[in-house]
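J.: From the sequence below, what's the structure:
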Amino acid sequence: MTSTTNVTFWFDVSCPFCWQTSRWIKEVEKVRDFTVNWVPMSLSVLNDGRDLDPGYLDMMKANWGPARVFTKVALEEPEKVDELYTVMGTMIHAGKESGKAGFGGYDDVIARALAEVGLDHTYAEVANTEEVDEQLRAFHAGAIDSVGDDVGTPVIKLGDTAFFGPVLTRVPEGEEAGEIFDAALRLAQYPYFFEIKRSRTESPQV
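T.: Predicted coordinates:
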């Protein structure tokens, strides 16, 4: 059995690809001995200032809200980030509550997720302010500094090496999840491995 005690997972709760990879890691936790440090990053930060499709930019405006809330929770109650990600991500992806475009688009989801995990409702107050943007950008920079440019979410660090991905459209379970993790960890241990990629033929099957 392969184990590691140093796994960092940078996530944006709005991203369906990130969600699938995170659910794989939750499966791996059942069959491998390691601890995950869940850290927010943000597609809104990544795309800030870019010349993109107006509809996509409206989605990025909405995405600021949950990323800011996760930042506040990570700063004050980091032990709750994992649970909050699971609850809010389940609402967004399995529950198809992707939020409305524009600022405040996730306000209802944020409020209900905070209540479900027993976090104070005042965390939601940062969603539509810039109060924690400096810290959010610092968390995001931690991912980019670890993996390099031209990536999105998720970023996962296995031991001393970080990668974008892996991109999974379906979530492996049980020992298969562990074996895939073992393979990813082994690749991360080889200092001259950089990437594997092929064309994707389906969207995430949540």
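
J.: Moving C-terminal from the longest helix along the chain, which element do we reach first?
T.: Counting by DSSP state H, the longest helix found in the chain is helix 54-76. Next in sequence after helix 54-76, counting helices and strands by DSSP states H and E, comes helix 81-89.

J.: could you give the angle of that following helix to helix 54-76?
T.: Angle, helix 81-89 to helix 54-76, by axes from the mean of the first three to the mean of the last three CA atoms, to 10 degrees: 150 degrees.

J.: mean confidence score for whichever helix or strand comes after helix 81-89?
T.: Sequence order places helix 107-117 as the next helix or strand after helix 81-89, per DSSP H and E. Average pLDDT, helix 107-117: 97.

J.: Over to stretch 128-147?
T.: Per-residue pLDDT over stretch 128-147 has a mean of 96.

J.: Ok, stretch 158-170 next?
T.: Averaging pLDDT along stretch 158-170 yields 92.

J.: what about that stretch, start to end distance?
T.: From its first residue to its last, stretch 158-170 covers 21 Å (CA to CA, to the nearest Å).

J.: ok, now stretch 152-166?
T.: Terminal-residue distance, stretch 152-166 (CA to CA): 11 Å.

J.: Show me what counts as buried in it.
T.: 152-158, 161-166 (16 or more other CB atoms under 10 Å). For glycine as for every other residue, the C-beta is placed from the backbone atoms N, C-alpha and C.
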